[in-house]
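Colleague: no FASTA, just this:
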């Protein structure tokens with residue numbers, strides 16, 4: 001069996017290697033890491049061991065889901081909320097309505113730049129340069 005860079009495209013994992021690949025995938029190792037352990041490239045591992053990779057990742061997810069469910073059943077409120085959001089599609093929504101004073105229409109003030117552009121459109125003060133108006137902080141705009 002060829003090692004890294006051997007060019008052996010006919011590598012077929014043995015039953016023991018397949019068990020190792022499943023285990024390593026279950027532990028969360030990436031294909032590249034599994035390839036390093038076995039002496040093969042990540043592409044080779046991905047191509048030749050799809051079932052083992054999928055099985056290992058599925059087993060890991062199953063264990064995590066089992067643990068999360070157990071935590072929820074033991075009274076972990078955060079886990080109950082998390083599982084309901086993820087598995088039962090619960091959502092926390094907030095309805096926000098923006099209004100002006102006394103529930104009236106929202107008043108939006110134009111920015112200094114918008115006011116200057118509007119003045120130019122109307123031809124007001126186009127003959128002479130305008131000094132920037134002072135802001136409430138005393139700075140010039």
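Modeller: Cool, got the structure. What you are looking at is a predicted structure, and each value in this text was computed from that prediction instead of being measured. Numbers count the residues shown, from 1 in each chain.
Colleague: which stretch of helix or strand covers the residue nearest the centre of the chain?
Modeller: Centroid-nearest residue in the chain: residue 86, 14.7 Å away (criterion: C-alpha atoms, centre = their mean). Counting by DSSP states H and E, the element that carries residue 86 is helix 77-87.
Colleague: and the contacts of that helix?
Modeller: Residues outside helix 77-87 that contact it (C-beta atoms under 8 Å, 6 or more residues apart in numbering) are 68-69, 71-72, 90-92. Heads up, the C-betas are built off the backbone N, CA and C, glycines and all.
Colleague: can you name the next helix or strand after that helix?
Modeller: helix 112-122.
Colleague: nearest to residue 17, of the contacts of helix 77-87?
Modeller: residue 68 (31.4 Å; C-beta to C-beta).
Colleague: may I ask which helix or strand encompasses that closest one?
Modeller: helix 50-73.
Colleague: residue 108 and residue 98, how far apart?
Modeller: Using C-beta to C-beta, to the nearest Å, we find residue 108 at a distance of 10 Å from residue 98.
Colleague: which stretches of this protein have low pLDDT?
Modeller: 1-9, 125-141 (pLDDT under 70).
Colleague: again, 50 this time
Modeller: Applying pLDDT under 50 to the chain flags the ranges 1-2.
Colleague: follow-up on the earlier one: angle of the helix holding residue 68 against helix 77-87?
Modeller: Counting by axes from the mean of the first three to the mean of the last three C-alpha atoms, to 10 degrees, helix 50-73 points 130 degrees away from the direction of helix 77-87.
Colleague: counting by contacts, list what helix 50-73 packs against.
Modeller: Using 3 or more C-beta pairs under 8 Å, 6 or more residues apart in numbering; DSSP states H and E as the contact test, the elements touching helix 50-73 are helix 15-26, helix 77-87.
Colleague: which residues does that helix contact?
Modeller: Outside helix 50-73, the residues that touch it by C-beta under 8 Å, 6+ apart are 13, 18, 21-28, 31, 34, 45-46, 79-80, 82-83.
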